[in-house]
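Asks: Build me a model:
(4 chains)
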Number of protein chains: 2
Amino acid sequence: MPKQTFFNLPEEKKQTLIEAAKKEFSRVSLYKASISNIIKTSGIPRGSFYQYFDNKEDVFFFLLNEHAKERQKKFLFLLKETDGDIFETVTILYKSMLKKSQNQENRDFFRNAFLNMNYKIENIYTKELDKSHINKQFKKISHLINTSKLNINNDNELFHAIKIIMAVTFHNLVQSYAKEIAYDDAVEYFTLEMNLLKKGLYKHDDL
Amino acid sequence: MPKQTFFNLPEEKKQTLIEAAKKEFSRVSLYKASISNIIKTSGIPRGSFYQYFDNKEDVFFFLLNEHAKERQKKFLFLLKETDGDIFETVTILYKSMLKKSQNQENRDFFRNAFLNMNYKIENIYTKELDKSHINKQFKKISHLINTSKLNINNDNELFHAIKIIMAVTFHNLVQSYAKEIAYDDAVEYFTLEMNLLKKGLYKHDDL
DNA sequence: TATTATAAATGACACAGTGTCACAAGTCAA
DNA sequence: TTGACTTGTGACACTGTGTCATTTATAATA
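Replies: Below you'll find the model as predicted:
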């Protein structure tokens, strides 16, 4: 978190700093972003920067958190709005996020935020399912899959089903590393989620 | 990719370098890892390092790719082994990944690899669903959700259902940023996947 | 208003790490 | 043995970080 001194700053100076930081994080990933650039474009002395923030992560996650807070508020609002329809809520949020990125700077900012490690690693683990590699690799996998048990009508659905399964698997893996979850618990959660995927989240008379 | 000179190296020297790199990337994330440390522990001169690799990312992704290749091979093998049962395949893989991390260095390596940006960002967007915050926030959300349409038996299942939906949403978001997918396409894919989630991936007479 | 205490601003500096380059050392074919 | 090519090496210039002693501003108090 930024220090109190930052929040005490006159609005204008605060805004200048935020703008400069946004610009830098839109230019490159957190990884490559430099404080030197931020203070150069904002014209704020080095020492002052450290009066306000611990380091560049501090600024970055401050900016990101602002977005997250907004989103969270919207999430709760939409849940009420849609009578608790989580699928509709998530869909609206997803679209609004995509819309927001029609603005180039927003787009670059989120892109850099998401892509860093995230994309690179995920890509290595799932690149076989990547649309742009749809070629032999996906076919290699999809031909091996026994679809007789699956509630799937065509190759396209199969493709997305695999994407879902991989996404949930990956997500569980990350969580287990992140939170030092015990092996047995991790397996239990994972199994439960796979079963939910199998049976579906909607009651069948509602489809 | 490492340069040819690296692959030409005598096995022993190559191994020394790999070990030193693994050690460094297990100690800290890619972000904080330093080439200086790698060359210090491996006793290889700075200039030589740059004869073999472009930079630290080059070493890191080389190591990570080795794991990914292995996993990919196992994936295909297991698909055959289980008569194309993707759920069983993924479950076995997931467990083997967890098992592998019982070794401390592996654990630290993957942990650092996964957690960097990935966890931090994902955590911001999903922290309301985080077990450790299961408190008011999750309750706030889950009480808002209309479960009458959902094929869900208790709060625990609801929790995991939400986790799944968020994971798939997040995954789509990342992909859309990563691959510059057109808005309409992104929405189409997303909708398809949400529908798959609703109806379930298994035929119902098979449950 | 003068005095003093407290908070904020500033930029020079020490330090750590990166990537390059000129030169040294090896290898190997003719 | 020579020459052509490949690989090894570490000093060096450069970029960026975080700190700290000092200056400046602010505000409370006598």
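Asks: So which bits of chain A are right by DNA strand C?
Replies: Neighbours of DNA strand C within chain A, by C-beta under 7 Å from any atom of the strand: A:Gln4, A:Thr5, A:Asn8, A:Leu9, A:Ile44, A:Pro45, A:Arg46, A:Gly47, A:Ser48, A:Tyr50, A:Gln51, A:Tyr52. All C-beta spots, glycine's among them, are computed from the backbone N, C-alpha and C.
Asks: wait, isn't A:Ser101 in contact with A:Phe114?
Replies: No. Using C-beta atoms under 8 Å, A:Ser101 is not in contact with A:Phe114, being 10.5 Å away.
Asks: When these two are compared, which one has more neighbours?
Replies: A:Phe114 (23 against 19; other C-beta atoms under 10 Å in any protein chain shown).
Asks: which residues are common contacts for A:Ser101 and A:Phe114?
Replies: Common contacts of A:Ser101 and A:Phe114 (C-beta atoms under 8 Å, 6 or more residues apart in numbering or on different chains): B:Tyr177.
Asks: now the residues of chain A next to DNA strand C: which count as buried?
Replies: Using 16 or more other C-beta atoms under 10 Å in any protein chain shown as the burial test, these include A:Leu9, A:Ile44, A:Ser48, A:Tyr52 as buried.
Asks: ok, and the closest non-adjacent residue to the third one?
Replies: This means A:Ser48. Among residues not flanking A:Ser48 along the chain, A:Ile39 sits closest, at 7.9 Å (C-beta to C-beta, 6 or more residues apart in numbering or on different chains).
Asks: For whatever residue of chain A ends up closest to DNA strand C, give me the pLDDT.
Replies: In chain A, the residue that lies nearest DNA strand C is A:Gly47 (1.9 Å; C-beta to the nearest atom of the strand). Listed pLDDT for A:Gly47 reads 97.
Asks: I'd assumed it was in a helix, is it?
Replies: Yes. Checked against DSSP: H, G, I helix; E, B strand; the rest coil, A:Gly47 lies within a helix.
Asks: show me what contacts the most far-flung residue of chain A relative to its centre?
Replies: Here chain A reaches farthest from its C-alpha mean at A:Ser148, the gap being 33.6 Å by C-alpha atoms, centre = their mean. With contact set as C-beta under 8 Å, 6+ apart, A:Ser148 has no partners.
Asks: So it: helix, strand or coil?
Replies: Look at A:Ser148: counting by three-state DSSP, its state is helix.
Asks: which residues in chain A form helices?
Replies: A:4-8, A:11-27, A:35-42, A:46-52, A:56-81, A:86-100, A:104-114, A:120-126, A:136-144, A:155-179, A:183-199 (DSSP state H).
Asks: comparing those helices, which gets the lowest mean pLDDT score?
Replies: The weakest mean pLDDT among those belongs to helix A:120-126, with a mean of 49.
Asks: mind giving me JSON lines with the helices of chain A and columns for distance to B:Leu201?
Replies: As requested, the helices of chain A are exported to JSON lines (distance: least, C-beta to C-beta, whole Å):
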{"stretch": "helix A:4-8", "distance to B:Leu201": "48"}
{"stretch": "helix A:11-27", "distance to B:Leu201": "38"}
{"stretch": "helix A:35-42", "distance to B:Leu201": "47"}
{"stretch": "helix A:46-52", "distance to B:Leu201": "50"}
{"stretch": "helix A:56-81", "distance to B:Leu201": "26"}
{"stretch": "helix A:86-100", "distance to B:Leu201": "16"}
{"stretch": "helix A:104-114", "distance to B:Leu201": "26"}
{"stretch": "helix A:120-126", "distance to B:Leu201": "17"}
{"stretch": "helix A:136-144", "distance to B:Leu201": "14"}
{"stretch": "helix A:155-179", "distance to B:Leu201": "5"}
{"stretch": "helix A:183-199", "distance to B:Leu201": "5"}
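Asks: Now that we have those helices, can you turn them into CSV and tack on distance to DNA strand D?
Replies: Below are those laid out as CSV (distance: least, C-beta to the nearest atom of the strand, whole Å):
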stretch, distance to DNA strand D
helix A:4-8, 9
helix A:11-27, 9
helix A:35-42, 4
helix A:46-52, 4
helix A:56-81, 6
helix A:86-100, 27
helix A:104-114, 15
helix A:120-126, 21
helix A:136-144, 32
helix A:155-179, 23
helix A:183-199, 34
